[in-house]
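*Asks:* Provide a 3D model corresponding to the input given below.
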Amino acid sequence: MNIETVWQKYKEPVRRFVRTRAGSEEDADDIVQTAFLKIYANQDKLMDERKIKPWIYQIVRNAIVDHYRK
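*Replies:* Sure, this is the predicted structure:
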């Protein structure tokens, strides 16, 4: 699955997921952007495309934690 397909399929569900956990819309937007940059940078590490959804959400959860650690 290419990154454009991933973006189109997961951008809205990821945004909703992050918005329920972020302190503000601006924080949510920053976290989503950071998460998708990490997804893009690490897409070659995904070995099994059947596991893409849990892989994406783990990156997103980590991005949320990283954001609030700052």
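*Asks:* can you give me the helices in the chain?
*Replies:* 3-19, 25-41, 52-69 (DSSP state H).
*Asks:* could the ones you listed go into TSV alongside mean neighbour count and mean pLDDT?
*Replies:* To be clear about C-beta, it is placed using only N, CA and C from the backbone, and glycine gets the same treatment. As requested, the helices of the chain are exported to TSV (neighbours: other Cβ atoms under 10 Å; pLDDT from 0 to 100):
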stretch	mean neighbour count	mean pLDDT
helix 3-19	15	95
helix 25-41	16	96
helix 52-69	15	96
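*Asks:* identify the residues contacting the closest residue to R19 other than its chain neighbours.
*Replies:* In space, R19 comes closest to A28 once its chain neighbours are excluded; the distance is 4.6 Å by Cβ to Cβ, 6 or more residues apart in numbering. For A28, the contact set (Cβ atoms under 8 Å, 6 or more residues apart in numbering) comprises R15, V18, R19, A22.
*Asks:* for M1, see how far away A28 is.
*Replies:* According to Cβ to Cβ, to the nearest Å, A28 and M1 sit 24 Å apart.
*Asks:* this completes my enquiry, with thanks.
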